[in-house]
Every structure is written in structure tokens, then in C-alpha cells.
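Novice: let's see this in three dimensions:
(6 chains)
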There are 6 protein chains.
Amino acid sequence: MKREDVLMQALPYIQKFHGRSMVIKLGGHAMVDTDIMDTVIRDVVLLQLVGIKCVIVHGGGPEITEKMKAMGKKPRFVSGLRITDDDTLEVAQMVLVGKINSKIVSLVSRAGGRAVGISGNDANLIIAKKMERQKVRIDNHEEEVDLGHVGEIEEIRPAVLHTLLDNQFIPVISPLAIDRNGNDLNINADTAAGELAIALGAYKLISMTDVDGIMDRERTKVFHRMTPQDAENLIASGVVSEGMIPKVLAVLRALQGGVPYAHIINGNLAHNLIMELFTSEGVGTMITDRDDEV
Amino acid sequence: MKREDVLMQALPYIQKFHGRSMVIKLGGHAMVDTDIMDTVIRDVVLLQLVGIKCVIVHGGGPEITEKMKAMGKKPRFVSGLRITDDDTLEVAQMVLVGKINSKIVSLVSRAGGRAVGISGNDANLIIAKKMERQKVRIDNHEEEVDLGHVGEIEEIRPAVLHTLLDNQFIPVISPLAIDRNGNDLNINADTAAGELAIALGAYKLISMTDVDGIMDRERTKVFHRMTPQDAENLIASGVVSEGMIPKVLAVLRALQGGVPYAHIINGNLAHNLIMELFTSEGVGTMITDRDDEV
Amino acid sequence: MKREDVLMQALPYIQKFHGRSMVIKLGGHAMVDTDIMDTVIRDVVLLQLVGIKCVIVHGGGPEITEKMKAMGKKPRFVSGLRITDDDTLEVAQMVLVGKINSKIVSLVSRAGGRAVGISGNDANLIIAKKMERQKVRIDNHEEEVDLGHVGEIEEIRPAVLHTLLDNQFIPVISPLAIDRNGNDLNINADTAAGELAIALGAYKLISMTDVDGIMDRERTKVFHRMTPQDAENLIASGVVSEGMIPKVLAVLRALQGGVPYAHIINGNLAHNLIMELFTSEGVGTMITDRDDEV
Amino acid sequence: MKREDVLMQALPYIQKFHGRSMVIKLGGHAMVDTDIMDTVIRDVVLLQLVGIKCVIVHGGGPEITEKMKAMGKKPRFVSGLRITDDDTLEVAQMVLVGKINSKIVSLVSRAGGRAVGISGNDANLIIAKKMERQKVRIDNHEEEVDLGHVGEIEEIRPAVLHTLLDNQFIPVISPLAIDRNGNDLNINADTAAGELAIALGAYKLISMTDVDGIMDRERTKVFHRMTPQDAENLIASGVVSEGMIPKVLAVLRALQGGVPYAHIINGNLAHNLIMELFTSEGVGTMITDRDDEV
Amino acid sequence: MKREDVLMQALPYIQKFHGRSMVIKLGGHAMVDTDIMDTVIRDVVLLQLVGIKCVIVHGGGPEITEKMKAMGKKPRFVSGLRITDDDTLEVAQMVLVGKINSKIVSLVSRAGGRAVGISGNDANLIIAKKMERQKVRIDNHEEEVDLGHVGEIEEIRPAVLHTLLDNQFIPVISPLAIDRNGNDLNINADTAAGELAIALGAYKLISMTDVDGIMDRERTKVFHRMTPQDAENLIASGVVSEGMIPKVLAVLRALQGGVPYAHIINGNLAHNLIMELFTSEGVGTMITDRDDEV
Amino acid sequence: MKREDVLMQALPYIQKFHGRSMVIKLGGHAMVDTDIMDTVIRDVVLLQLVGIKCVIVHGGGPEITEKMKAMGKKPRFVSGLRITDDDTLEVAQMVLVGKINSKIVSLVSRAGGRAVGISGNDANLIIAKKMERQKVRIDNHEEEVDLGHVGEIEEIRPAVLHTLLDNQFIPVISPLAIDRNGNDLNINADTAAGELAIALGAYKLISMTDVDGIMDRERTKVFHRMTPQDAENLIASGVVSEGMIPKVLAVLRALQGGVPYAHIINGNLAHNLIMELFTSEGVGTMITDRDDEV
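Specialist: Got it, this is the predicted structure:
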């Protein structure tokens, strides 16, 4: 296709998205390779230039585990759930805010944009409470486990996001929160992205992972469009499984909360974000109840 | 080139142009074919969406002549200069404002934008005075000719343009003016575009014609970039000749008045406007004193 | 009456109208005499100076017919309804936008105001759909006639008017519209004025014609004030007849749509507009459901 | 002259004055007759409605003297200069602010406007210092006299006036000031009006007195227009004399400070203010260095 | 207590009150001693600096009576109610606006703030109607008495207050009003303060009197906090009596109208205002239906 | 001193500082004790509430060293200058942004304020270039040393600070910067605070350290006020020595750049910040060229 035709085909999408806000979740795995991350960030800066208000939410589980090991500390998991003790919280904050968030902010600068890195405790953006003890199965019996400094979101106060977005800054958000007594808490990045999308009245929530989208049972083809009901059925029937389940549940929660479109796409392939948003076929999975084009 | 790469290559240009204003002159010849005009207008709407403040100035000489003939009136020219008598002025107004301008406005609507068609007498946008008698050579002797209701621009009052641009409307301007006593005058569209670009502090003046740009003596290759001095030399040496001379002089005047970049491109080829602005090589001729990229 | 007393008597009216918007319809017949038109326009500029937001809507039927004849084209009417074929639409656009509208804009300039001439297809101001085939009586039988490029108003998007009015420009509107596919359509000026008045939340709709207002059966006296019900009765009883019927129906529709006052006055008498608005007796007919003074 | 012609003749003046500010000094004598004052105030409200930002400054000497007598106190004068002791200051404040200012505010309300009565000590509007001892001739010898709580203006802080004017309130100002230690001082109303006009960048200073303007030696004719130099000559030659001298000096000082036009008119004749501003001949004396019309 | 601890203890109160408005009623008795008044005004200026929007309403009964006597006029009372005849109204205006209000404005200046003194007839702030004849007991029989120029509040138009508060001016209001025909009326200052608090959506109404608050029957202890119901019971049981009754009724009316907190405190003790607002114990009586700490 | 007197004594300072901005540098040592830090932060929140625009800049050298050791990495110093290799930069970022900055932000939340933690690379706030090789004395000879990823400030782009301050957020800034190619650099916190104060046009730069201010040679008394010249003399004479030298040089540079007042105070004593700003005697050292009271 000719260069100019590509630009012209993007026109109706640019018109539709102009002035709307989108929350883009960058998965922890996708952020290992700086080159990949760089193309993702360039896509985001392009989106902002054509008038889309972008908010980036990032995760960072793998890097936290890795850094803890490097510091000679042993990450603890019970049934796959991380136990966030004092040491873990400290490392999580340092890695999320001091390393990953800073890196994203620098990449935005290099791409010519202006980002402001914040976390959920800045300006009381995300108010959470300590998560209740979770029931988990350990060796054939159920046990209640205290996950430590892990929070469950109670309230979003998006004032600081509006201030930044209205002044053409891209907010980059680390998944940390603050409780009503001022204590820091670690929170799940997928859930945070969803709640932020709801609180902002975002037009789209885009979850960038390391798979191509929601796939069929044989993992041979990606579903490009489905309804929330379809997604629930795929979970129930076991087609969506394991690590994909919490991601899908997080975007379903956002759809329920009024976000009209959610996307799950592969962040490891260059410019997938642009391709998903600006072409009719798309590259990953879009979940929506609406039946309009786009 | 892959679709996404095209979009990404446009990124630095979009960043550079964001928030700036550009005056786009549409030549009368280019406007005969509605399909061509339609792609030009789509380009302009795309420019606006990526944050460029676009002002369209159109001409219309050929259509005026044609319409006069259709009405049984004989257009008069002396040495190639049109004599604008009362009848001609009336037809010019009707054709420029009532036909060409309206058509451009409708095409912007179809492309999803919002245009407001005005002429130089709206809101006292262009104040002119009747042009003095011109010396022309007729049959080997020089004679002074009164060109009729033709004006020479004295002042631009751009308030109405700022009002429209700040509210995301695309102004489409017919080359008519008003004198200080409220009389209508026909003015040259190239000159008007240049003066408007100066008064607006425009970043670029883009003259869309029916040739590919400024070409060498053999008409085999387009100069893609030159300085105002180069252009003057080409006029002096006769390489730039005939109808191209007034177009080049008009953009040189704009460059002198502080507009940093002027472009002369072929409006008959689809998406030439996008190609000229968003690629490093360009397709037509850019004239500038600056030696930066872009 | 002494000069200063006149000014002081105008005071309560000026106070009442300050900051309100009024739509003033100029009839096609009234616009033949430039001197008359000039006094009308001076009145409008005065209204704006005392804080009234004025919108001018003009017609132009007679001039279209005349111009078509001058161009050797035969205007077609079926039972008094104009058939707007391609040629007619082109001439209508040229005459309305390129001639009448431009003339009004120039007159505003001469009177010291700033007008911006637009038509219903600028900035998608008036969205219409092609009128359905009309049943008309021809030679004792009823027939369905396609009136051509004639539209029925579906939606007003007044954004451009607010932009202009808030910046002290007087919008001058030609009765053309655009359909949802971007095709131009001719529309009735009285209807357009009424719909614009409703969409703007105008305080008054003033229809300037070539008769003195609604008159009694003997055409000897003007009714200075009546209710919408009165006006309907006068139509039913045949006192209001012929060309006056559509004008009265248009203002009744505006009153139904929430415009509190409608006036029908003679535009051929100098300063009738000022006299109607700024004196208690008035000169034409005011139709309103309210029973307050003014 | 016909009613509508009067209004139309006012048009160019209204256009010229629109958005400009004028300071109107109401003399103490003129304020004895409530009916006269009422017509003056109606004129001011009309001026505001046509877009002029009006500031009223009032005096009140005669009423202060009268009220002191009524309270059994003896006003003291030395060579015609009032001695403002503690008692006099208290009465002056009560009469100026509590009586005259309040009355003007109420009259504005009745005329449909909104006034806010303040004095020079509100919001530190007028900063003054106690006047130095004045040399006066008493019985053939010169003596230095302490005039008491009388101030000489040092600084105007017009913030509160801009706040009120920008919100369509008419400020009504009593001639009192505050010194840098917070002590109240009486000041001359003519001087205050002049300094306020300068600080506001007013277009006109209008001094309303009980004579018809500056007259010739025989007191038979009013000079309708003169330059500041003319006025100085008339003082030097004794044609302008006695009570008129300080009034003329005050407006000359304002002209020197950049106010382009000053007027001295008779406030006792109904609607003189309107007549002076809105007719070419005027009724009183205009002093200006400019030689344009108006 | 250490200096810095005092400031830090004030912090939560400052946070709670920031951006809210408070109406402060200064009683006539409290205003006899300039030193006391000076400390009250300094407190108000401090409140404004920490972000509270303060409105001062003052009374002045005792000074009116005193001034009338000084002028040889006899104040008339029937059963303790003042009869406001023409003379009384004139003196009331002069004393309230010209003396007390001016004095407060000057004190604000000295304390470094900016006040604007207005009365209820400025900008139509307080619209009232003449009070109906009141039934009073005279010598064992009931009689209807015309209280003269005394008004009952019908409407508050707070526009001028918002204009002043939004521009960091402190409005100082004299208890005068205007009726719908433009006549001045005297009104009760406590009632005016309450109605202004309601119209402004004030957070607190603070009535500064010459007693320590609402006290028990033996006058030995102040109730620091009570509900509106408590206050009504104390009136019914006669514990609240005489001059205190109208003050308590006025604040109860404000509480009913939506003002959340009312305070009655002694204005004669230095800095009581600060102490009441910025300490948990307080010094006077707070009446509120809310049961939060404040 | 009585509680209310303390508040009233603060009044003139609050008035003087209202609306001005202050940059507060928190030294790394001062931040070890959370309780101390908590009182400092409460002071800052109080400052903001009384209308001061506060910007916090923090250091963190000691914590970086400590954390490196905990991670088994050896901090390298040459002649007391830290060598910032890749590992050190990573730890510095994690500790500064992820730990110290986050902690300050949380403390602001607990104190009822809203902070936004950013570093110099957010929104291109601080543009630096890699520091040139430094000459240092090692074992009696001079050697050039590459300090690694350490920057020298070239430009401050304070847009993001204005956006945050104008919306009542407290910016908390980590001393990191970005070079023109998007590489991260560590920078000196004192220097950063000084440059930010200059770029913001701050009224005061307050350096909080762990000594009481600039002291005499015997370390027995603090100089409470001095001129920049005094400070330079004290450095020249060796009275100011060692670690204090760079702090004093940084504030002198800010004073040179136009910041009118600099303070060096002990951040380890509770509420020293309040005491320094709101009392005439102060507690630490103020350096200024001005000779007014403050």
C-alpha cells in the first residue's frame, strides 16, 4: 500500500478518537526489551499528537522478583500469589517507580513527548485498603493467607490526571496506592488500569501483553472481536485459562463500569498499538458490547 | 513500506507542525476535477486533525471566464491582464464565493471537518485599494490601462481567522477584498495567500498548482529545495517563466515577510500535500532560507 | 420630540434586549433597493452596539429567477413551486452566497460593523434531507412532483454562530443546507430563520417583508399585537392569504419552538426595525403568547 | 427630527465609545435637585448599556456645610479654604458616603442599573498624604494654615474599579482617601476625578457643574471646543475666573496625564450628558489636543 | 504552649475551612471600642489569608441613637422598637455607611487587607419591602404601629459579593436595603447576616456580641455546643431571654436555610474569633445539627 | 505566649509570602528519621495552606550508599566524589524516586496535602549534559576523573511545575536529569534546588541541613542574617568549611540568579521551618542583599 494511502486510511479513526482518553496497560513481560518498549512508547506519543489523551499504567512483577534475588532476598509466593512483606514492598516501590516508570518517562522524552511519572499515592490518586486474608489451597487443604502490603482499590481521585492531560502531559502510573492512614500498598496493575479507565471515562482500555489476544482452544487463531458475554463463556469453557484469566476479568470489569471498548494485544510486536487502533481488521482482540464499526 | 512504518515516519513532522498555522493556496486549474479536489481537501482535514491550523485560499480565474462566456458576456483581457468591469466583478463574486468556495466547504464537510467559507470582505479581513493604472505594451507601444475593480492589498485584519481557527473551523477564503469606502474589489489569489500567511505568522505557505514545482530548464527534474536567492536567480535567468513567475514572486514576498517555508507543489496528484509535508524527500519545491531539516 | 428624549425612551428597551439574540429575516423583495437595504443594515449594526446579538438570514428568490433569465435559462415552476434542477441550484448558490450575502456583508462593513457571511453548509450549520415528492394540483388533478435539490431541515448545529456572536461578528446566512452525504440543498429562507431562532434560543424572530404586517381584511389597518391563536384564526378565515401564509406559518413554528416574540414588519420603510423594537406602539405586527409590555 | 433619525445619528458616537471608560464628575451643587440628578443618572445608565464603562465621582461641599450647621457645628474657612477638623471629617464622611453616595446608588437602581458605592479608602483605591500647610493671605499678610484632615493624592490603585467595571457594575466614588498609616482624609473631588481618569486610562473626563461650560468674557457664549493651551490662556487673561479655575486646572491635569478628551458641561439641564456625547455640536466645552471629529 | 505547636494545631482547621465562605456579624455594642474592633478586624484579615472568604455585616443601633441626640433629634421607640421616620433613616444611613462601615474598611486597610464597603442597596444586593404594621402592647392594650422605613428582606442578589470575594476583596455590608421601587429601607443586621449567609451558601455564620455565648440559667457557664433543638428549648424555657432571643432566632433561621454551623461569641475579648474557629474547645457557643468534630 | 498572639504575629509574614513560591531543599541526612521528616512535611503543608507555592527538592546520598552496600555493591568515591557507574545510577534512581520521593509524597498525603513526585527527567524538567572530567588530587598528583552518569544542569523547563502549583499540588523533585539524547543523569540536589528556584522566580530558597546554619569559627553561635558578600568572606577565611561549602555556594548562585532570600536551617529540629519563616528573629541563617525587614 502506498504511503499516502496509509495515512488517509487512518483519517476516520483519528477523527473518531480525537479528544478521547485511553488507558494503556503495559505488561511487565513486555518491558524487558528496551527496543520493543521504545516502539510502544513512540506509538503512544503519536496517539497523543493526533489528539488522544493517553494514560500509561505499567506493571513490573518479573523485575521485582529478579531484583529481590539480586539483592539476596527470597521472594515468597503462596499458591502463585506474592506475599508482599516489608522488604518486598520496599523493593517493589524502588523497581516500579524508580526504575520502570523512570525508564518509560525517559523513552517518552526521547520520542519527543512529555511524560510525568506518578504512582497511585501521588496526589491521593488511588486510595486502597489492605486486602483481606485470601483463601488458597495448599496441599489439599484450604488456608487463609495474609498477602501483606497488598491493596484493594476503594476510590480513584483523578484530579491530578485531568490536570496533566489538560496540559498535554502523558501520565505514567506505577501500580501503588495509599490507604486512608497514609500507608503504601502494592496493587495489581491490570485492576488499576481498569479502575482508572472507569474513573476517567476513558474511551478505550488497551491491555498490552505477550500473547496475540484471546485465542481459540488450539491457539491457532486470534478472535478479533467479541462481546463481554463471549469472553465470559470462553473463561467458563476453559478456553481462556491461567494468566489470561485475570487480564480478561480486569477488562470485563472496566466494560461493566462504562468503558466502551477494551483491547488485548501483543506488546512485543512493533507498532501493534497503531495497527490495532488505526486499521479496520486490527491485530489483537477487541471486546465490546457495541456493534458499530471501529 | 509497511503501514505502521509510514505512520511512524510521519511522527517527527507531526510534532514539528503541531499548533502551527499553514496557508494553502488552491489554484484555479486544480479545481476543475472534483475527485482531485476531494483528495486535496481530505489531506487538509487530516492536517487539521494532527494539530495544524489550516487556512485555504482559492483562486478561480478559469471558471470565471467560462461562466462569463456561458452568460453571453465577453471577458476582456489586455496583454493577458483581465479587465474587471462591473459585470465581471459580479460574475467573479458569484463564481468565487457562490460556487468554488461553497464547493470546498461542502467537501470539507464530507471529509468530516468543519469549514467556514468567507471572502476578504467578511469582517474586513482584507482591506485593499483600487489598483493604479498599469503600463502594458500593446502593439509595440506602452499604454496605461485601468484594470477596473481590481485591488492591491493594504491591510489584513486577521481577527476573524483567529476566531475560527481557535474554534477548530477551517477558514476557506475567496480572493475578494473591500476598500475603505466599502466597495468590493477582486484581488489576486496568490498575493492574498501570501499576505494572509504573513499576517497570521504562518509557518508555511503552500501553493498548489498544476505543475510539479520549480523545474530545471529542460523541464525534466524538480528542484526539491532552494533558497529565495536561488529562486530569484532562476527568474532572472529565464528558467522560471510565464505563469510561474507571479506564483514564485508571491511566495518570495511571503518569505520576505517572515513566513519561514514556502512550497510549490502539484495539486493534481493525489495526496501530494501529505507527501510534501510528511516525508523528508518531498514531491515539489520547498523554498526557504533556513538550513534545518524539514 | 426632542432628540435626547428619544434616546431616553429607548433606554428600557435597550435594557430588556441587552445580551439577547435576535434572528432577522430579510425578504428577497426588500433587497432590490440598495438604499433601503443600507438603512436596514445600519439599524442592525446599531442593535449590535447596544448589546443585541443579531443574526441575519436572507432570501433571494426574485434575484435567482432574474439571473437565470439573464443566463438564458428558464426557471421552472409547478403550481408556484420552484423546481430546483442542477442548473438552478448552481445559480441559486451563486446568487445567494456570491451576490446577496456578499452585498449584505459589505453594507455591514460600511456601517462600521463586522459581518461574516456563511451559508447553511458552512460548518454543517444546517443539516437537511431532500424534500419528499410534493402533491400539487395541476389542471384539476393531483400529481406528485419532485422539487429537485430542495431540502427540509433536520438539524441545526449552531456552534459556528455562537463562535461568531461571542466574538462580536454578525453572521449573515444564506438559505442553503447540506445533507448527511455532503450534497447541497436549497432551503426556504423563512423556515431557516425560524429554525435558527429556535436553535439559538433567540428572544425575537423578526421577519422583514414588503408589507406593513398582518392586516385586516380590508388592508386598511395593521394589527400591532396578536397571539399565535389570533394568527391561526386569521389564516383559517382567509384574512391572511397567499404569500403571507408561509411567512406567518414560519413564525408560528418558531413561537411553538420556544421563541417568545415574532415580528412581521415592512423592510422597505427606513428604520422600521428600530421603530418596531424601541417604541411601545411599534410599526408592524408582533405575535406573542406573553402578555407583558414590550 | 424624527425619532429614528436621532437614534441613527448616535450610531457613530456609540461605535467610537464602545468599550472605553469615562469618568463623570458630579458637582455638589448639581446634586441638590433629585429630579435633575435622576436624569443625569439615567443618562449614565444609558451610556453603560451602549458599552461605555462609566465611573461616577461625586462632590458634596455644600451639603457638608449645611449638615454641620444643622448639627450646631460651625464650619470653618480660611480665605475660602475649608478647615477639616475631626468633627468636620466625621460629618464629611457621613454626608458623602452615607448620604450622597447612597442616593446616587439608589438612583442607578431605579434606572435599572447596578451601582456599587465606594470611597477612596475602600480597597486602598486612593492613597493620599496629609496636605502640607498652605500659604494664604489673611488681612494683607501671608500666613501658613493647617487645613486639617485634607489629603493630596499620591497613588491610585484601580484594581477594585477594574473588578467592578469588568462585571458591569457602575462604581460611584466619594472623595475620601486613606494615608499610608490608615488614616482617613478628605480630598478634592475634581482632583480625584482627574487622577482616577488618568489611572484608568479613561477616554473622557466629564465634569458636570452648574454653568454651561467655559464662556467668553461677557458670559454670552459657550466655547464648544478648545485646546489645553486655549484654556490656559483664558485663565491667564482672567476670562476663566474664581470657582471655575480649579475645575479647569483639574481637567487640564488629566489631559496632561494622557486622558484625550475633557468636557465641562452643565449638569442642571436634563440630558446634557447625552447631548454632549452623542451630537456633533455638543452643548458644553470640550478641551482636547486632538483635532479629529468627536 | 510553644509557638510552633499553636500554628501546627491550627492546621486541620485551616484545611477544613479553606475556600469556604463565612459571614461575620459585628454587633453595634462591640464596635464602640476601636482597639477591640481592630483586633477583630485583624482576625478577619488572617482568616482571609488562610483561604476563607469573609463577609462582614455590621449593625449600629447605639451609634444611631447617640448621633440623633447629638443632632438634637429625639429617637422614637414604641415598646422597644425603633420608629424609623425620614430623619431617622437619613441619620441611620449616614452613621451606618458613612461612619461605621468606613471605619471598618479603614481598619482592614491598616491590617493589610482590602475591603469594599457596600450596603444592601448597592448593586441591588438586598431587596426588601416595607414591613407591615406590627402589633405591640402599649399600656395593656394591643396596637398596630407603623415602624416607618424598615424593611423585611425579600430577596438577596449576591452577584456583587461573588465578584468581590473572587477578587480577594472583603465585603463590609451595612444593614440597609432597597425596595422594588428604589426606596431605601433600614433592616435588622442579624437578619441580614443570616439571609446573606444562606444566599452565599456560607459554611459558618458567626454572630459577635457582647456576651460570651448562650449561657445557663445562672449565667455561670457557656454552652460550647448545642443543636438547633437545644437552642429552641432554651428559648421556650426562658433561659435564653431578652436581647439574646432575636440573635438566636436569626442564627436558627440561617441553620434552617442550610448554613451548617452558627456561632455566637463575645466580640469584646481579643482574638475570640480565632480561638473559636481554630481550637477544638472554642470559646463561645456553636449551634449545629451535624455531629462531626470541627 | 498566648495561642492567639502567636497566630496574630504570623499575620504580616503570611501576608508577605502569600502567592509567592519557595523551593525547599531537604538534605539526605535529615531524612533518616521519619518523625522528623513528618514534622517538616506538616510545616510545608501549612505553608501551602496560607498561600505559599512550595516545591520540595530532596537529596539522598547516604541512602544510596547504604542501599548499594545492602545489595553487595561497592560504592566508589575518588577524593570524596562519587563515581556513578551504571549500577550506581540504577540504585540511585530506585532509591531517590522509588523510595525517598515516594515516602515524602505519602507523608504529604498523611498531613492532608496533595503532592506529586517527579524527577528531573519528567516532562524534561531538568536538561543536563554529562559532566566533564574533573581534576582531583590523588596521592599528591592531579588526575582527571570521569565521574560517570553525573550531569551539569543546562536548562530548566518549569512548565510542569507551573501546571502542578497552579492546581494546588506540591511538586516533590528527585535530583535526576535527562540529557538531550534522553539519557538519565544523576545531579547534585543543592544545585538543582538553586536552579529550580531561579527558573521559577522563587521568593526564597530554603536549604534544610543537619546543622543550625552558618556558624562562627567556634561553632557557638549562628549568624541569623548576612549578605552574600559576608558569606563569601566566611568561605574565604575558612570559617565556612567542608560539607557546608557546596551548600553555601549553591544558595549564593541562586541569589545571584535573582532569588531574593536564601535560608540555611537545621531540618532535624521540629518546626524550624515555621519558626524561620514566621518569626522576626528566625532560627537559622538568612542570606540576602536586601535590607528590609522580613
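Novice: what about A:K221, neighbour count?
Specialist: If you count neighbours by other Cβ atoms under 10 Å in any protein chain shown, A:K221 ends up with 10. All C-beta atoms are positioned from the backbone trio N, CA, C, and that covers glycine.
Novice: dump the residue contacts of it.
Specialist: Contacts were defined as Cβ atoms under 8 Å, 6 or more residues apart in numbering or on different chains; by that measure A:K221 touches A:M215.
Novice: and the pLDDT for it?
Specialist: Here, the pLDDT recorded for A:K221 equals 94.
Novice: look up how far chain C lies from the residue nearest to A:N181 when sequence neighbours are not counted.
Specialist: Distance criterion Cβ to Cβ, 6 or more residues apart in numbering or on different chains; nearest residue to A:N181, sequence neighbours excluded, is F:R110 at 7.3 Å. Distance, F:R110 to chain C, using Cβ to the nearest Cβ, to the nearest Å: 46 Å.
Novice: A:V44 falls within a helix, correct?
Specialist: Yes. Using DSSP: H, G, I helix; E, B strand; the rest coil, the secondary structure at A:V44 is a helix.
Novice: these two touch, right, it and A:C54?
Specialist: Yes. Contact criterion Cβ atoms under 8 Å: A:V44 and A:C54 qualify, at 5.1 Å.
Novice: now list whatever residues contact both of the two.
Specialist: When contacts are counted by Cβ under 8 Å, 6+ apart, A:V44 and A:C54 are jointly contacted by A:I24, A:I170.
Novice: who's more crowded, those two?
Specialist: Set A:V44 next to A:C54 and count neighbours by other Cβ under 10 Å: A:V44 wins out with 28 against 24.
Novice: what sits against the more buried one?
Specialist: For A:V44, the contact set (Cβ under 8 Å, 6+ apart) comprises A:I24, A:C54, A:I56, A:V108, A:G113, A:I170, A:L273.
Novice: mind doing that once more with 7 Å?
Specialist: A:I24, A:C54, A:I56, A:I170 (Cβ atoms under 7 Å, 6 or more residues apart in numbering or on different chains).
Novice: before we move on, what SS does the second one have?
Specialist: By that I understand A:C54. A:C54 falls in the strand class when you classify it by three-state DSSP.
Novice: assign A:L196 to helix, strand or coil.
Specialist: helix.
Novice: I'd guessed it sits against A:V23; true?
Specialist: Yes. In this structure, A:L196 is within contact of A:V23 by Cβ atoms under 7 Å, at 5.4 Å.
Novice: list the contacts of the worst-scoring helix or strand of chain A on mean pLDDT.
Specialist: Here the helix or strand of chain A ranked lowest by mean pLDDT, DSSP states H and E is helix A:3-17, holding a mean of 78. Where contact means Cβ under 7 Å, 6+ apart, the residues beyond helix A:3-17 that reach it are A:50, A:52, A:203, A:277-278, A:294, B:1, B:3, B:6-7, B:10, B:42, B:45-46, B:49, B:112, B:271, B:274-275, B:278.
Novice: pull out the buried members of those residues.
Specialist: If you count burial by 16 or more other Cβ atoms under 10 Å in any protein chain shown, the buried members of these come out as A:50, A:52, A:203, A:277-278, B:3, B:6-7, B:10, B:42, B:45-46, B:49, B:112, B:271, B:274-275, B:278.
Novice: restricting to C-alpha, output the next helix or strand along the chain from the least confident helix or strand of chain A in PDB.
Specialist: Moving toward the C-terminus from helix A:3-17, the next helix or strand (DSSP states H and E) is strand A:21-26. What follows is strand A:21-26, C-alpha atoms only, in PDB (Å, rounded to 0.1, in the frame of the first residue of the first chain):
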ATOM      1  CA  SER A  21      -8.800   9.400  26.600                       C
ATOM      2  CA  MET A  22      -7.400   5.900  26.500                       C
ATOM      3  CA  VAL A  23      -5.700   3.900  29.300                       C
ATOM      4  CA  ILE A  24      -2.800   1.700  28.100                       C
ATOM      5  CA  LYS A  25      -1.600  -1.100  30.300                       C
ATOM      6  CA  LEU A  26       2.000  -2.200  29.600                       C
END
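Novice: same for strand A:21-26, what does it pack against?
Specialist: Under the contact criterion of 3 or more Cβ pairs under 7 Å, 6 or more residues apart in numbering or on different chains; DSSP states H and E, the helices and strands touching strand A:21-26 comprise strand A:53-58, helix A:189-200, strand A:204-209.
Novice: nearest to chain D, of the ones you listed?
Specialist: Among those, strand A:53-58 comes nearest to chain D, with 32.9 Å by Cβ to the nearest Cβ.
Novice: the closest one versus strand A:204-209: what angle between them?
Specialist: Compare the direction of strand A:53-58 with that of strand A:204-209 by axes from the mean of the first three to the mean of the last three Cα atoms, to 10 degrees and you get 30 degrees.
Novice: any residue of strand A:53-58 touching chain B?
Specialist: No. Using Cβ under 7 Å from any Cβ of the partner chain, strand A:53-58 stays clear of chain B, coming no nearer than 13.5 Å.
Novice: that strand versus strand A:21-26: what angle between them?
Specialist: Computed by the same axes, to 10 degrees, the angle separating strand A:53-58 from strand A:21-26 equals 20 degrees.
Novice: residues contacting strand A:53-58, please?
Specialist: The list of residues contacting strand A:53-58 from outside it, by Cβ under 7 Å, 6+ apart, reads A:20-26, A:31, A:44, A:47-48, A:100-101, A:104, A:161, A:165, A:170-175, A:189, A:192-193, A:196, A:200.
Novice: what do you get for stretch A:71-90?
Specialist: Where contact means Cβ under 7 Å, 6+ apart, the residues beyond stretch A:71-90 that reach it are A:65, A:68, A:91-92, A:134, A:136-138, A:145, A:147-150, A:184, A:186, F:70-72, F:99.
Novice: quick one: average confidence on that stretch?
Specialist: So the average pLDDT for stretch A:71-90 ends up being 88.
Novice: for that stretch, list the C-alpha coordinates in PDB.
Specialist: Written as PDB, here are the backbone C-alpha positions of stretch A:71-90 (Å, rounded to 0.1, in the frame of the first residue of the first chain):
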ATOM      1  CA  MET A  71      19.600  -8.300  46.500                       C
ATOM      2  CA  GLY A  72      19.800 -11.700  48.100                       C
ATOM      3  CA  LYS A  73      16.200 -11.600  49.200                       C
ATOM      4  CA  LYS A  74      13.800 -14.500  48.600                       C
ATOM      5  CA  PRO A  75      10.500 -13.600  47.000                       C
ATOM      6  CA  ARG A  76       7.700 -15.600  48.700                       C
ATOM      7  CA  PHE A  77       4.700 -16.900  46.900                       C
ATOM      8  CA  VAL A  78       1.800 -19.000  48.200                       C
ATOM      9  CA  SER A  79      -0.100 -20.800  45.500                       C
ATOM     10  CA  GLY A  80       1.200 -18.300  43.000                       C
ATOM     11  CA  LEU A  81       0.300 -15.200  45.000                       C
ATOM     12  CA  ARG A  82       3.100 -13.000  46.000                       C
ATOM     13  CA  ILE A  83       3.500 -12.200  49.700                       C
ATOM     14  CA  THR A  84       4.400  -8.500  50.000                       C
ATOM     15  CA  ASP A  85       6.300  -8.200  53.300                       C
ATOM     16  CA  ASP A  86       8.100  -5.000  54.200                       C
ATOM     17  CA  ASP A  87      11.200  -5.800  52.200                       C
ATOM     18  CA  THR A  88       9.200  -6.800  49.200                       C
ATOM     19  CA  LEU A  89       7.200  -3.500  49.300                       C
ATOM     20  CA  GLU A  90      10.400  -1.500  49.500                       C
END
